[in-house]
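Asks: Coordinates for the following, if possible.
(2 chains, ligands or ions: 2)
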Amino acid sequence: MTETEAVSGRGTREDNNRGIPASGSTTKISARNFSFFYGEHCALRDVSLEIRRNQLFTIMGPSGSGKTTFLRALNRLGNLIPNTRHEGSLKIDGVDVYGKGVDVAELRRRVGMVFALPVALPMSIFSNVAHGPRMQGVRHPKELEEIVEKALRDAILWDEVKDRLSDNASRLSGGQLQRLSIARVLALEPEIILLDEPTSGLDPISTLRIEELLWELVERYTIVLVTHNPLQAARIDSKTAFFLMGELIETGSAYDIFTRPKDKRTEDYVSGKYG
Amino acid sequence: MRNKETLVQWILAIVALSAIAVLALIIIFIFKEGSPIIARLGLTKFITGTKWSPTKGMFGIFPMILGSIQVTLGALLIGVPIGLATAIFLAEMAPPRTSRILKSAIQLLAGIPSVVFGFIGLVILVPFIRQWLGGPGFSVLAAAIVLGIMILPTIVSVCYDVLKAVPPAYREGMLALGATRWQAIKMVVLPAARPGIIASVILGMGRAIGETMAVIMVAGNATKIPVSPLEPVRTLTSNVALEMGYAIGEHREALFATGIVLFIIIALLNTLARIVARPEKV
Ligand SMILES: Nc1ncnc2c1ncn2[C@@H]1O[C@H](COP(=O)(O)OP(=O)(O)OP(=O)(O)O)[C@@H](O)[C@H]1O
Ligand SMILES: [Mg+2]
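Replies: Ligands and ions are numbered 1, 2, ... in the order given. Predicted coordinates for the structure are as follows:
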């Protein structure tokens, strides 16, 4: 079975509107001619796209195409790196992310991020998840326990770690760590979740579970998923954008992108000619 | 190839063993010279005796033990917070250029001979304390301040390196959770760097407790127990340095015995620090 058939076999999710009318007011994230530079190197060029509230949005592209750069621009982690700058506008809920008076810590609480290389903060499994809520002032042990359990369950990690919550998180396996990072973000109850290749360290079964999970979570969150793997983009079957060398080549439903790409380069990528 | 490797192993082993042997010889020598008088007076009497008067055959080093501890603790109290704060600023907050310049300036401090620190303490600090805080000026406080400044380069550079070695991913992970920069430092960077920070304190402590010249110049060196930080004090190292030149017989033995006590205190402090430095389970 080819990828294309895999996609066309479903297609139920292709529009991912979830009953919300596609009017301007439901736009969650909007980029207008957004560019991002590391020194002289232009890692994103003139990207314009819109992501709606409660949409699962997949960004697909080969290594070095600027996918991570885009995610890190959204929560302003990117400009922690010296000598970076941006052009154009990037808005969440109509408010410029880079505008004056934006509380960056607050922004990052609303825009949770799961890194490509998952991090175990140097503390217990429990604390890793409880840390965000604690910083927001949740103190009550019972309440924290509930938040942690729910987040771990949502991230499909609970059963594996429920008996060793006080172990140091660095003892988890790579795939478990990846799900721990997801749980950590879920515990924050953000509005947007950015996932940078969240399944790169997972076996096919866990990968499928995470992909299914995304479709559950999107009821509550807006999700931006980054993957370099066209197969995954096809499986997830959501609104998809294709990045190449810092440029947004095209966006569309996975069905369209995989069955009738508008751009030759997209066609080459989804048919496995590069990447 | 195989032979060459065994040869290298042997050379390394011999070098290591001879270093250990030299250390062992020094320790044996000190114990051999110093232990007879401890045996004769009794350890408790030697350690808890409050009177040091070699001409009358009275050898109690309690004031000096207390003096060393006070001066060292005082130095740590001054040097560690300032040093750590400086290291945090340089590693986490200052722009790279500023950080480079300041760091080399602080490292320059390490190259200044201790007699210069003592001299500055003598002409500036001692009169200042005498005039504004009272007492003779030569005091625990003067010694602690001078030592506190002297251990700064050690604390700052070790802490700086340790902080820089904390994986950037920890910092970013915290920031991504909506932590402020200070929260990230406080909650992950410092805990992750804790063993290294404590190591810097041990190094600073070693320097402070062993430093002699600068202390002699500002501490006043009286052999009685200081009851306030403004009173003069004599440390164990000062005691040896001040009197070794002319000591003979029992007196000389008592100075070696002072060395033994110094040795044991340092060993104890190191052990204590190591216990404290064990990474804690969160
Ligand atoms: N900190 C940085 N400093 C300088 N250049 C950078 C930095 N981070 C990324 N880049 C450059 O920006 C471009 C885009 O990188 P980015 O990490 O966004 O790619 P990506 O699409 O996430 O790739 P991958 O799939 O490998 O993660 C690359 O050419 C990369 O070399
Ligand atoms: Mg990436």
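Asks: Helices of the stretch 151-275 of chain A, residue ranges please.
Replies: A:158-161, A:174-186, A:204-217, A:230-236, A:254-259, A:264-270 (DSSP state H, counting those that start in this stretch).
Asks: measure A:Tyr38 to A:Leu44 for me?
Replies: To A:Leu44, A:Tyr38 is 10 Å away according to C-beta to C-beta, to the nearest Å. Quick note: C-beta positions are derived from backbone N, CA and C, even for glycine.
Asks: Revised request: answer the last question for A:Val161.
Replies: From A:Val161 over to A:Leu44 the distance is 37 Å, taken as C-beta to C-beta.
Asks: Flag the shaky bits of the chain, pLDDT-wise.
Replies: Answering for chain A, as no chain was given. Within chain A, the stretches with pLDDT under 70 are A:1-25, A:273-275.
Asks: not what I meant, chain B
Replies: For chain B (pLDDT under 70), the answer is B:1, B:276-282.
Asks: near chain A, which residues of it?
Replies: Residues of chain B that fall close to chain A, judged by C-beta under 8 Å from any C-beta of the partner chain: B:96, B:167, B:169-170, B:172-180, B:183, B:187-188, B:191-192, B:281-282.
Asks: Just these: which are in helices?
Replies: If you go by DSSP state H, the residues of chain B next to chain A have B:96, B:169-170, B:172-176, B:183, B:191-192 in helices.
Asks: can you give me the end-to-end distance of stretch A:57-70?
Replies: 13 Å (C-alpha to C-alpha, to the nearest Å).
Asks: Any part of it near ligand 1?
Replies: Yes. Stretch A:57-70 reaches ligand 1 (C-beta under 6 Å from any ligand atom) through A:61, A:63-69.
Asks: Buried subset of these as a ChimeraX selection?
Replies: Of those, the buried ones go into a single ChimeraX selection, burial set by 16 or more other C-beta atoms under 10 Å in any protein chain shown:
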select /A:61,65,66,67,68,69
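Asks: give the contact list for the residue of the stretch 151-282 of chain B found nearest chain A.
Replies: Closest approach of the stretch 151-282 of chain B to chain A (C-beta to the nearest C-beta) occurs at B:Gly178, with a separation of 3.4 Å. The contact partners of B:Gly178, taken as C-beta atoms under 8 Å, 6 or more residues apart in numbering or on different chains, are A:105-109, A:132, A:135-136, A:188.
Asks: Now it. Nearest residue, chain neighbours left out?
Replies: A:Arg109 (3.4 Å; C-beta to C-beta, 6 or more residues apart in numbering or on different chains).
Asks: who does the host helix or strand of the one you found touch, helix- and strand-wise?
Replies: Remark: A:Arg109 resides in helix A:104-110, with elements defined by DSSP states H and E. In this structure, helix A:104-110 packs against helix B:168-176, with contacts taken as 3 or more C-beta pairs under 8 Å, 6 or more residues apart in numbering or on different chains; DSSP states H and E.
Asks: Next, the angle from the helix it packs on to helix A:174-186.
Replies: Put simply, helix B:168-176 runs at 30 degrees to helix A:174-186, going by axes from the mean of the first three to the mean of the last three C-alpha atoms, to 10 degrees.
Asks: What about the closest residue to ligand 1 within the stretch 101-250 of chain A? Give its phi and psi, please.
Replies: Proximity of the stretch 101-250 of chain A to ligand 1 (C-beta to the nearest ligand atom) peaks at A:His228, 4.4 Å away. Phi and psi for A:His228, reported as degrees, to the nearest 10, are phi -100, psi 0.
Asks: now check stretch A:263-271, is it near ligand 1?
Replies: No. Shown here: stretch A:263-271 not in contact with ligand 1 (C-beta under 6 Å from any ligand atom), separated by at least 12.6 Å.
Asks: what's the neighbour count on residue 141?
Replies: Here I'm looking at chain A. Neighbour count for A:Pro141, taken as other C-beta atoms under 10 Å in any protein chain shown: 9.
Asks: oops, chain B please
Replies: B:Leu141, neighbours per other C-beta under 10 Å, totals 26.
Asks: thinking again about what came up before, higher neighbour count, A:Tyr38 and A:Leu44?
Replies: It is A:Leu44, of A:Tyr38 and A:Leu44, that has more neighbours when counted by other C-beta under 10 Å, with 26 against 15.
Asks: who's that one bridged to?
Replies: With DSSP bridges applied, the residues forming beta bridges to A:Leu44 are A:Phe36.
Asks: quick one: it from ligand 1, how far?
Replies: Separation of A:Leu44 from ligand 1 (C-beta to the nearest ligand atom, to the nearest Å): 8 Å.
Asks: thought that residue was touching A:Ser35?
Replies: Yes. Taking C-beta atoms under 8 Å as the definition, A:Leu44 is a contact partner of A:Ser35 at 5.5 Å.
Asks: Not including adjacent chain positions, what is the nearest residue to residue 130?
Replies: Reading this off chain A. Sequence neighbours aside, A:Leu144 is the residue nearest to A:Ala130 in space, at 4.9 Å (criterion: C-beta to C-beta, 6+ apart).
Asks: think we crossed wires, I meant chain B
Replies: Closest to B:Arg130 by C-beta to C-beta, 6+ apart is B:Gly137, at 3.2 Å.
Asks: Any chance of the backbone angles for that neighbour?
Replies: Taking degrees, to the nearest 10, you get phi 90, psi -50 for the backbone angles of B:Gly137.
Asks: How about A:Lys262?
Replies: With angles defined as degrees, to the nearest 10, A:Lys262 sits at phi -80, psi -30.
Asks: burial count for it?
Replies: Counted with other C-beta under 10 Å, the neighbours of A:Lys262 add up to 13.
Asks: three-state assignment of residue 128?
Replies: Let's take chain A. The local conformation at A:Asn128, judged by DSSP: H, G, I helix; E, B strand; the rest coil, is helix.
Asks: oops, I was thinking of chain B
Replies: helix.
Asks: Same question for the one 10 residues further on.
Replies: Judged by three-state DSSP, the three-state class of B:Phe138 is coil.
Asks: list the contacts for it?
Replies: B:126, B:218-221, B:232.
Asks: do A:Gly246 as well
Replies: Contact partners of A:Gly246, counting by C-beta under 8 Å, 6+ apart, are A:42-45, A:65-66, A:69.
Asks: Output those in TSV; the columns should cover distance to B:Ile65.
Replies: Listed next are those as TSV, based on distance: C-beta to C-beta, whole Å:
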residue	distance to B:Ile65
A:Cys42	67
A:Ala43	63
A:Leu44	66
A:Arg45	71
A:Ser65	68
A:Gly66	66
A:Thr69	61
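Asks: what sits against A:Glu50?
Replies: Contact analysis of A:Glu50 by C-beta under 8 Å, 6+ apart lists A:27, A:29-31.
Asks: Just name the closest of the residues you listed to chain B, please.
Replies: Distances from chain B to the contacts of A:Glu50, taken by C-beta to the nearest C-beta, are shortest for A:Ile29, at 16.7 Å.
Asks: Skip the chain neighbours and tell me the closest residue to that closest one.
Replies: Per C-beta to C-beta, 6+ apart, closest to A:Ile29 is A:Ile51, 4.1 Å.
Asks: State the next helix or strand along the chain beyond the helix or strand harbouring the one you found.
Replies: Assigned by DSSP H and E, A:Ile51 falls within strand A:41-52. Per DSSP H and E, the first helix or strand lying C-terminal to strand A:41-52 is strand A:56-60.
Asks: need the next SSE after that following strand, C-terminal direction.
Replies: Where DSSP H and E defines the elements, the next helix or strand beyond strand A:56-60 is helix A:67-74.
Asks: Helix, strand or coil: sort out A:Lys91 for me.
Replies: What three-state DSSP gives for A:Lys91 is strand.
Asks: Count the residues that sit near residue 227.
Replies: Went with chain A since none was named. A:Thr227: 23 surrounding residues under other C-beta under 10 Å.
Asks: wait, I meant chain B there
Replies: 8.
Asks: Now it: phi and psi?
Replies: When read as degrees, to the nearest 10, the backbone of B:Val227 gives phi -100, psi -10.
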